[in-house]
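Engineer: Sequence and predicted structure are below.
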Amino acid sequence: MKAIVFYHYLYPDDVISSIHFSELCQGLVNRGWEVTGYSCNRSCRDPRQTYPRTTIWDGVKIRRIWRPPFSQSSTLGRVLNSAWMIAAWSLLAFNPFLRASHLVIGTDPVMSVLVAIPWRLVRPRIQIAHWCFDLYPEAAIADHLIPESGWIARSLRGLLTTAYRRCNFVADLGPCMRARLSRYLGPRNCATTIPVWAMVEPETPVPVHETERRNLFGDAKLALLYSGNFGKAHSYKEVLDLAWKFSPNEAAFVFSVGEINLESLQKLSKQAR
């Protein structure tokens, strides 16, 4: 079987969602699929850095679409990047040389699921799956970027309802997201929860690497590590309030993060108790 995967960033980008989707492609190849991933040609962290147009990585064919160097750190840049990639992916539906039985769509850039509308129209037999990491316009409403009852939110919800209902399968991250998605999917609810890896407990405790622990936490009795994305949805003040209740010998808190909230975290962590 042949699958096409649409995601803004794929290997070798090291942003965590890129790793998730790159490993999804890798897993499909290991199961006998022929997989082609379509991403942009720029690095997530530095839009000035570009990647080759074509890459074959561990059996996965990666095709990169040229995209202007709009910054992901600004709202306007994210909107322009999203519009560009959605348009480019939509046009691929009309390519007669591009053949596939399945299409997998991610949620970077925002509202990528809109690609399901032209693909379903042009290729009615293709199986479309959407792996949902983020919900828009809900996230924009929560961030006070657009009013919940305004015409922009109403228009986007109408388009997204059409897009979601063109999917054969939708993967959510948990019950809250599933409840919100059900409003779009309606009676024909094709959503299934795939919990994030951090929510899955290992069967046995992971062995401690003593040298690595000492390098990160020194001789602290309690060691706590936060690793991963640190965007607008991630809270840190409560963690720092807890950290400041301990002495350095009692506990050490280490953040191994990237994303737009990093600067705020650094400033707050330097403040006196």
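Structural biologist: That came through, no problem.

Engineer: Which residues does stretch 157-170 contact?
Structural biologist: If you take C-beta atoms under 8 Å, 6 or more residues apart in numbering as the criterion, stretch 157-170 is touched by 105, 111, 113-117, 119-120, 127-130, 132, 136-137, 181, 184-186, 188, 190-192. From N, CA and C alone the C-beta is placed, and that goes for glycine too.

Engineer: Can you flag which of the residues you listed belong to strands?
Structural biologist: 105, 127-130, 191-192 (DSSP state E).

Engineer: Tabulate those residues (CSV), appending distance to residue 93.
Structural biologist: Formatted as CSV, the ones in strands among the contacts of stretch 157-170 follow (distance: C-beta to C-beta, whole Å):
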residue, distance to residue 93
105, 12
127, 14
128, 11
129, 16
130, 15
191, 24
192, 25
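
Engineer: possible to save these as CSV with pLDDT, neighbour count and distance to residue 60?
Structural biologist: Below are the ones in strands among the contacts of stretch 157-170 laid out as CSV (pLDDT from 0 to 100; neighbours: other C-beta atoms under 10 Å; distance: C-beta to C-beta, whole Å):
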residue, pLDDT, neighbour count, distance to residue 60
105, 97, 24, 17
127, 96, 15, 19
128, 97, 22, 19
129, 96, 18, 17
130, 95, 26, 20
191, 83, 19, 26
192, 88, 11, 24
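
Engineer: Looking at the residues you listed, which one is closest to residue 48?
Structural biologist: residue 105 (27.1 Å; C-beta to C-beta).

Engineer: what sits against that closest one?
Structural biologist: When contacts are taken as C-beta under 8 Å, 6+ apart, residue 105 is in contact with 6, 112-113, 115-116, 128-131, 167.

Engineer: Next one: residue 213 from residue 205, what distance?
Structural biologist: Using C-beta to C-beta, to the nearest Å, residue 213 is found at 13 Å from residue 205.

Engineer: who has more neighbours, those two?
Structural biologist: Taking neighbours as other C-beta atoms under 10 Å, residue 213 and residue 205 compare with residue 213 leading, 15 against 7.

Engineer: how near is that one to residue 222?
Structural biologist: As judged by C-beta to C-beta, residue 213 and residue 222 stand 11 Å apart.

Engineer: ok, now residue 251?
Structural biologist: Residue 251 is 4 Å from residue 222, by C-beta to C-beta.

Engineer: Show me where the stretch 51-200 of the chain has its helices.
Structural biologist: All helices of the stretch 51-200 of the chain, identified by DSSP state H, counting those that start in this stretch, fall at 75-92, 116-122, 138-142, 151-164, 175-185.

Engineer: Of residue 251 and residue 222, which one has the most company?
Structural biologist: The neighbour comparison of residue 251 against residue 222 (other C-beta under 10 Å) goes to residue 251, with 16 against 11.
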